[in-house]
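[1] 3D model of this:
(chains A, B, C and D)
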Protein chains: 4
Amino acid sequence: MKNFIAIFSMFCMTLSMYASKVDTLLVHSDAMNKTVKNVIITPDSYSAKGKAFPVVYMLHGAGGNHAAWLGKAPDIKAYADLYQVILVCPDGDKTSWYFDSPVDDSMKYETYISKELVSKIDKTYNTVADSKHRAITGYSMGGHGALYLTFKHQDVWGAVASMSGGVDIRPFPRNWDLEKRLGSYASNKDNWEENTVINMVHLLDGKNLKILFDCGVDDFFYDANVRLHKKMMERNIPHDYIERPGGHTNTYWSNSIKYQMVFFNDFFKSAK
Amino acid sequence: MKNFIAIFSMFCMTLSMYASKVDTLLVHSDAMNKTVKNVIITPDSYSAKGKAFPVVYMLHGAGGNHAAWLGKAPDIKAYADLYQVILVCPDGDKTSWYFDSPVDDSMKYETYISKELVSKIDKTYNTVADSKHRAITGYSMGGHGALYLTFKHQDVWGAVASMSGGVDIRPFPRNWDLEKRLGSYASNKDNWEENTVINMVHLLDGKNLKILFDCGVDDFFYDANVRLHKKMMERNIPHDYIERPGGHTNTYWSNSIKYQMVFFNDFFKSAK
Amino acid sequence: MKNFIAIFSMFCMTLSMYASKVDTLLVHSDAMNKTVKNVIITPDSYSAKGKAFPVVYMLHGAGGNHAAWLGKAPDIKAYADLYQVILVCPDGDKTSWYFDSPVDDSMKYETYISKELVSKIDKTYNTVADSKHRAITGYSMGGHGALYLTFKHQDVWGAVASMSGGVDIRPFPRNWDLEKRLGSYASNKDNWEENTVINMVHLLDGKNLKILFDCGVDDFFYDANVRLHKKMMERNIPHDYIERPGGHTNTYWSNSIKYQMVFFNDFFKSAK
Amino acid sequence: MKNFIAIFSMFCMTLSMYASKVDTLLVHSDAMNKTVKNVIITPDSYSAKGKAFPVVYMLHGAGGNHAAWLGKAPDIKAYADLYQVILVCPDGDKTSWYFDSPVDDSMKYETYISKELVSKIDKTYNTVADSKHRAITGYSMGGHGALYLTFKHQDVWGAVASMSGGVDIRPFPRNWDLEKRLGSYASNKDNWEENTVINMVHLLDGKNLKILFDCGVDDFFYDANVRLHKKMMERNIPHDYIERPGGHTNTYWSNSIKYQMVFFNDFFKSAK
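    Predicted coordinates:
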């Protein structure tokens, strides 16, 4: 609780002077040879020289871009202040699925997010540059992305959350450009089987990554999340799992992120 | 978000002067003809004449008393400030199970909590005295109690949470004095069947009560909570449901209450 | 197959003269002391003096009336000819649920359908007046009704089908006037528990009644039908069970009835 | 319904002159360098010059031959008339499993059925020679065959049904000459994994193929069919699914085909 009091005291002292600040950062991806936009939200008390901050990356869903999170859940600016974290919302292309696509060399968002962007953020901002102070979440395609990237890069990420995540892509062989990223399911079965989150649980050891995922019971991804929960239970992978009323909507996500920020805050505090 | 800012501003202005205050209130129960102790935590900004406050009642588990919550999760004092709520922790006897016992006239904790105590609190403190600003939670026996009381008194309570709740008592016919409260299961089957939470879902209409319950996957009450979730799903009763790593421990409860306070805060805010 | 050939021959000979005929029959219910409308469809070859015909009763869903089936699936007129059966579509009030309501004496549709109407039809038309030539189906509330009436009156009915049936009413305590028929679920639990089809499987012995039920996988009654199937499997009650694409729609029902008529035709033929 | 009336009218006019006709057609398979027998049933109204007809191919089970269907379900001759379709029952060897065997060059029944036979039928008979008017079904080994061929050749087949299909062959590593077709499971695991229907769902996109499969609840293939249904549900592949009383018997199949013909008839009609 001392942490809370300390945060609030700092917050109070600084409130009259400034509050969380929103920037757009352009980052060049060498892997894709293009420049990608990212929304960066720094907390009120942020300064380049003082205390270093943990970072939460926030991935958008299909059709979105770097500005999607701010549009859907503008309260995240306040959470940056409340929990004293930097928020990073990258552009994941409309439908990159955050893959390094095995069939399209121009799509390398796994490399972009987990390597290029993280490196750039740690150089540009006053961050605590280790996995114990770096977390990632996302909704829908972004929930898939957050789990996908953390399962594969546990040295980079210490905590992950997903809301309404597309944790099994195989039920949707014709949706959201998945065929452009992986080839058709019919002809490229292995690409799909190996890159759908629900088949990647074997990468986890139950120790290195703190995991939360949630889904609305009316969501078309609900069944897949139930199955992922069941699989993780069978494999003894500790994780927080939440079901709530609601569907695949902004209302659901702007509620879910409140709880996920509590989860990340605890994670960051536990590292101290 | 304005609510948060308003809360924080108020908090900041008052922080130097006082913080949440802990009292012990003695309340006479006419039903039981005895005096019961209750811990009352008022937020920092509390005053008898200003803004009225919502109230969260917090029930302890078997073996506990009115001081149990403060001992297990001292951070609740800070939550009173953060969310600007009054917290009420009644003594529920070591093993009352919050019943009006059908076999022991001296045990009338359902009446005590849902009628006598609520009435006394609303007279004694500056509360918003309606169900939209009155919530209740509890751990273990207290989780059972919170669900039990709210299912039966939906006019009194607007929101409920349970952590590690004993939501089905039938698997434990010899534990925690349950036989003293309901008679033996063998000889008093109806008492047990009618007073176990999992058999009371028919009292809900899916509209009047906001519900959250959670349980650790290593808890001996885990299976009962899974079954309650399944039953509520089958009955179309909207509710938040959370499973987490952990067992029947203080560590679990001091974590769980953080999320439940977010839930209650949203409930109180939605009434405005 | 000889039956088919015989049917077709008869059909051919009579086609130029007449086809199925639609009447509206008024039937007085002594139990309810009112007159109820019923659509009656007799096949092309029908005559009061020749061969007697089997009868299929068809129950409508909530909000419907005696004309609902003809509106939703006009092809049933052709099925009367193809399978040489009389079709009877009673008015079941908008939301009688085909109960003899325990809380409203004016609603006695169980008695009306299974006793008064059956008796009147057998007196008025040239029917084979036994349970081996009497079947019943319905959609939605009518699916519930068909199963409900046959489970309770196996001497009257020999075969039953349900499409998109409300086979468990407990998930919907506030819908479709169910409270007016049974009292509120909260206060009249037994009325609900004893009159929901899924709790009436114990009435079946697996021999006297031929059963088919189906549901669309996107229907809000899907889960209840899955559970009824599972329960019947556990209880060794032989039945045909079908899941199909589709929701709670006319499109689904006008398709489903095609298969149910094959089922009923086989049932009637097997009696010979 | 107009279709029905039209069919019946035509049927009536022609009934006295002829009914469905049964031929045995010898087809040379270049792939296997041998001649294969096939039963062909043309409907009563068939003529080489008039209206073209849709075709339903019907595969037999292990131990059967081209005459098996006629023996087990002689009513199919009447269905040819009732639904105005041509029926083709090829000889699939006693235990070809309709594979192009990876271990025996002389067995190429996938090629024979889906290419050579289809081509020959369309040249020999007055068919509508496209996938919207070409369907296939089978029982037991033939149910496996129908699903296997259609999953792999969606350009050739528009609709498929299976009854009591061997949709997972892995539980039966020593039965029905499967080892002769694929090599032993122990030594040729990939042959089995890649050629069992339940592992081929990824070939489907939920759009190109209309699917029905059914199984008796006492059948030794029941569990495999339940699992295939569950897998297709998880993968969002629309399909009709039926469970019925009964085992692996002629009685079951002669009943099932009645419903499958309704299904195919609807499919052919929907193309118009």
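[2] quick check: next helix or strand after the strand or helix carrying A:Thr111?
    Assessed by DSSP states H and E, A:Thr111 sits inside helix A:109-111. Using DSSP H and E, the helix or strand that follows helix A:109-111 towards the C-terminus is helix A:118-124.
[3] if I look at the closest residue to A:Leu149 other than its chain neighbours, what pLDDT would I see?
    Sequence neighbours aside, A:Ser114 is the residue nearest to A:Leu149 in space, at 5.1 Å (criterion: CB to CB, 6 or more residues apart in numbering or on different chains). Quick note: C-beta positions are derived from backbone N, CA and C, even for glycine. Predicted confidence (pLDDT) for A:Ser114: 97.
[4] count of neighbours near A:Ser114?
    A count of nearby residues for A:Ser114, using other CB atoms under 10 Å in any protein chain shown, gives 22.
[5] I'd say it and A:Val156 touch.
    Yes. Under the criterion of CB atoms under 8 Å, A:Ser114 makes contact with A:Val156 at 5.3 Å.
[6] follow-up on the earlier one: show me what the helix holding A:Thr111 is packed up against.
    Contacts defined by 3 or more CB pairs under 8 Å, 6 or more residues apart in numbering or on different chains; DSSP states H and E place helix A:109-111 against helix A:141-152.
[7] hang on, A:Gln260 is in a strand, isn't it?
    No. Using DSSP: H, G, I helix; E, B strand; the rest coil, the assignment for A:Gln260 is helix, not a strand.
[8] contacting residues for it?
    A:Gln260 makes contact with A:137, A:161, A:163, A:212, A:214 under the criterion CB atoms under 8 Å, 6 or more residues apart in numbering or on different chains.
[9] A:Lys34 too?
    With CB under 8 Å, 6+ apart, A:Lys34 has these contacts: A:His28.
[10] for it, which residues count as its bridge partners?
    A:Ser29 (DSSP bridges).
[11] could you report the pLDDT at it?
    97.
[12] where does the stretch 101-250 of chain A dip in pLDDT?
    Within the stretch 101-250 of chain A, not a single segment meets pLDDT under 70.
[13] what ranges do the helices span in it?
    Under the criterion DSSP state H, counting those that start in this stretch, helices of the stretch 101-250 of chain A are mapped to A:109-111, A:118-124, A:141-152, A:178-182, A:189-195, A:222-234, A:250-270.
[14] which residues of the stretch 51-200 of chain A lie near chain B?
    Counting by CB under 8 Å from any CB of the partner chain, the stretch 51-200 of chain A comes close to chain B at A:74-75, A:77-78, A:82.
[15] ok, so of those, who is nearest D:Arg174?
    Nearest to D:Arg174 among those: A:Asp75, at 63.1 Å, using CB to CB.
[16] these two touch, right, that closest one and A:Asn255?
    No. Using CB under 8 Å, A:Asp75 is not in contact with A:Asn255; the gap is 10.0 Å.
[17] settle it for me: which of these two has more neighbours?
    A:Asn255 (21 against 16).
[18] might one say that the more buried one is in contact with A:Arg244?
    Yes. The pair A:Asn255 and A:Arg244 passes the contact test of CB under 8 Å, sitting 7.5 Å apart.
[19] shared neighbours, those two?
    By CB under 8 Å, 6+ apart, no residue touches both A:Asn255 and A:Arg244.
[20] just the helices of the stretch 101-250 of chain A: most buried one?
    Mean neighbours per residue, mean count of other CB atoms under 10 Å in any protein chain shown, is largest over these for helix A:141-152, with a mean of 27.
[21] in terms of secondary structure, what does it contact?
    Using 3+ CB pairs under 8 Å, 6+ apart, helix A:141-152 is in contact with strand A:55-59, helix A:109-111, strand A:134-138, strand A:159-163, strand A:210-216.
[22] which one, of these, ends up nearest to C:Val167?
    Closest approach to C:Val167 among these (CB to CB): strand A:210-216, 25.4 Å.
[23] give me the angle between the closest one and strand A:134-138.
    10 degrees (axes from the mean of the first three to the mean of the last three CA atoms, to 10 degrees).
[24] so strand A:210-216 versus strand A:159-163, what angle?
    0 degrees.
[25] residues in contact with strand A:210-216: which ones?
    A:143, A:147, A:150, A:158-165, A:167, A:204, A:221-222, A:225-226, A:228-229, A:232, A:237-249, A:252, A:256, A:259-260, A:263, A:267.
[26] if we go to 6 Å?
    Under the contact criterion CB atoms under 6 Å, 6 or more residues apart in numbering or on different chains, strand A:210-216 has outside partners A:159-164, A:221-222, A:225, A:239-240, A:242, A:244, A:246-247, A:252, A:256, A:263, A:267.
[27] for stretch A:55-70, same thing?
    By CB under 6 Å, 6+ apart, stretch A:55-70 touches A:37-39, A:85-92, A:94-95, A:127, A:134-142, A:145-146, A:176, A:264.
[28] do stretch A:126-146 as well
    Under CB under 6 Å, 6+ apart, the answer for stretch A:126-146 is A:48, A:52-62, A:97-98, A:122, A:156-166, A:197, A:253, A:260, A:264, A:268, A:271.
[29] excluding residues flanking it in the chain, which one is nearest the residue nearest to the spatial centre of chain A?
    In chain A, the centroid-proximal residue (CA atoms, centre = their mean) is A:Thr137; its distance is 2.3 Å. Nearest residue to A:Thr137 in three dimensions, chain neighbours excluded: A:Ala161, at 4.0 Å (CB to CB, 6+ apart).
[30] for A:Arg244, grab the count of nearby residues.
    Residues near A:Arg244, counting by other CB under 10 Å, number 22.
[31] tell me what the residue nearest to it when sequence neighbours are not counted is bridged to.
    In space, and not counting its chain neighbours, A:Arg244 is closest to B:Asp240: 4.9 Å by CB to CB, 6+ apart. Here B:Asp240 shows beta-bridge partners B:Leu212, assigned using DSSP bridges.
[32] quick revisit: neighbour-wise, which one of the residues of the stretch 51-200 of chain A next to chain B leads?
    Counting neighbours by other CB under 10 Å, A:Leu82 comes out on top of those with 24 neighbours.
[33] need phi/psi at A:Ser140.
    The phi/psi pair for A:Ser140 (degrees, to the nearest 10) reads phi 60, psi -120.
[34] what about whichever residue of chain A sits closest to chain D, distance to A:Phe99?
    Nearest to chain D, among the residues of chain A, is A:Pro171, at 4.0 Å (CB to the nearest CB). According to CB to CB, to the nearest Å, A:Pro171 and A:Phe99 sit 18 Å apart.
[35] settle it for me: which of the two has more neighbours?
    When A:Pro171 and A:Phe99 are compared for neighbours, A:Phe99 comes out ahead with 22 against 19, by other CB under 10 Å.
[36] I figured that one hits A:Arg181, correct?
    Yes. Using CB atoms under 6 Å, A:Phe99 makes contact with A:Arg181 at a distance of 5.3 Å.
[37] any residues in contact with both of those two?
    Between them, A:Phe99 and A:Arg181 share no contacting residue, judged by CB under 6 Å, 6+ apart.
[38] quick one: residues contacting the residue of chain A closest to chain D.
    Contacts of A:Pro171 by CB under 6 Å, 6+ apart are D:235-236.
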